[in-house]
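Asker: Pasted the sequence and its predicted model underneath.
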Amino acid sequence: MFRFYHDSHKPVYTIRIAAELLDCHPRTLRLYEQAGLVHPQRTAKNYRLYSQHDLTTIKSVCALMDEWDLNLSGVGAMFKMAERFHIEIERLFEEMLQ
């Protein structure tokens, strides 16, 4: 029997399709990439390809900007804090298991 496997990190959406799905302008996605908030894969011809994970990240960026009134630098700082928090939690769990 065939099972459908969904890889949320597989790059499948061009910038135009991603922008349409997110209801924004392609330039907005380029700005988010320049700010280091999203990292779309590139094709051999240097076209951007976005994954479902990238789209989810961009939705988080938009939510933080809208709901918390943050700019791109503020969102970047929140992402860094979240990553550090995640790393610290993993470290604490590893210490507990030893």
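Answerer: Arrived safely. Numbers count the residues shown, from 1 in each chain.
Asker: Pull out the buried residues from the helix or strand in which Glu90 is found.
Answerer: Taking DSSP states H and E as the criterion, Glu90 maps to helix 72-97. For helix 72-97, burial by neighbour count (16 or more other Cβ atoms under 10 Å) applies to Leu72, Val75, Gly76, Phe79. The C-beta positions use only the backbone N, C-alpha and C, and glycine is treated the same way.
Asker: for the most centrally placed residue in the chain, what are its contacts?
Answerer: Nearest to the geometric centre of the chain sits Thr57, at 3.0 Å (Cα atoms, centre = their mean). Residues near Thr57 by Cβ atoms under 8 Å, 6 or more residues apart in numbering: Leu37, Val38.
Asker: Give me the distance from the helix or strand hosting it to the chain's centre.
Answerer: Assigned by DSSP H and E, Thr57 belongs to helix 52-67. When C-alpha coordinates are averaged (Cα atoms, centre = their mean, to the nearest Å), helix 52-67 and its chain have centres 7 Å apart.
Asker: Next, the buried residues of it.
Answerer: Across helix 52-67, burial judged by 16+ other Cβ under 10 Å covers Gln52, Asp54, Leu55, Thr57, Ile58, Ser60, Val61, Cys62, Leu64.
Asker: Over to stretch 28-35?
Answerer: Leu29, Tyr32, Glu33.
Asker: All set, thanks.
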